[in-house]
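Trainee: Mind folding the following:
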Amino acid sequence: MAIQKLPTSTEILVIGGGPAGSYAAAALAREGFGVTLLEAANFPRYHIGESLLPSVRPFLTFIDAEKSIMNHGFTLKPGAAIKLNQYKREGYTDFIALNPDNGAWNVVCGISETYFPSHLFTDSIRI
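Mentor: Model (predicted):
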């Protein structure tokens, strides 16, 4: 899907294909803009794993990705432990206590970085 030659013009140029750049390109393309995404690295690339929070769900819905993420098989994340001070006990937040459908996911970087672009990018996004 990657383009071999840089285009000489584009309606919108997004630089960086990480989570923010990928989302921006998908959201803009969804709204009908012609988008070119430039990414220097080859995917999948090494970096620390991803942990999505429930607050990302409306954004995934906006770009028509939530159901696809749910059905992909990523590990469900019902809550999170947070430790802000090494001398104090960690805190825990329960995502599903009030709503069992409010969980999130732990996504595997190698999978998510090849999966998200293939799901999000349409013919209106040049990579």
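Trainee: and Pro58, what element?
Mentor: Using DSSP states H and E, Pro58 sits within helix 57-62.
Trainee: send the alpha carbons of that helix over as PDB?
Mentor: Provided in PDB are the C-alpha atoms of helix 57-62 (Å, rounded to 0.1, in the frame of the first residue of the first chain):
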ATOM      1  CA  ARG A  57     -13.700   4.100  22.300                       C
ATOM      2  CA  PRO A  58     -15.700   7.100  21.000                       C
ATOM      3  CA  PHE A  59     -12.700   8.000  18.800                       C
ATOM      4  CA  LEU A  60     -12.500   4.500  17.500                       C
ATOM      5  CA  THR A  61     -16.200   4.500  16.800                       C
ATOM      6  CA  PHE A  62     -15.800   7.900  14.900                       C
END
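Trainee: That helix: which residues count as buried?
Mentor: For helix 57-62, the neighbour count (16 or more other CB atoms under 10 Å) marks Arg57, Leu60 as buried. Yep, even glycine has a C-beta here, placed from its N, CA and C like the rest.
Trainee: downstream neighbour of that helix in the secondary structure list?
Mentor: helix 66-72.
Trainee: Give the next helix or strand downstream of that next one.
Mentor: strand 75-77.
Trainee: same for that next one, what does it pack against?
Mentor: strand 104-107 (3 or more CB pairs under 8 Å, 6 or more residues apart in numbering; DSSP states H and E).
Trainee: Done for today, thanks.
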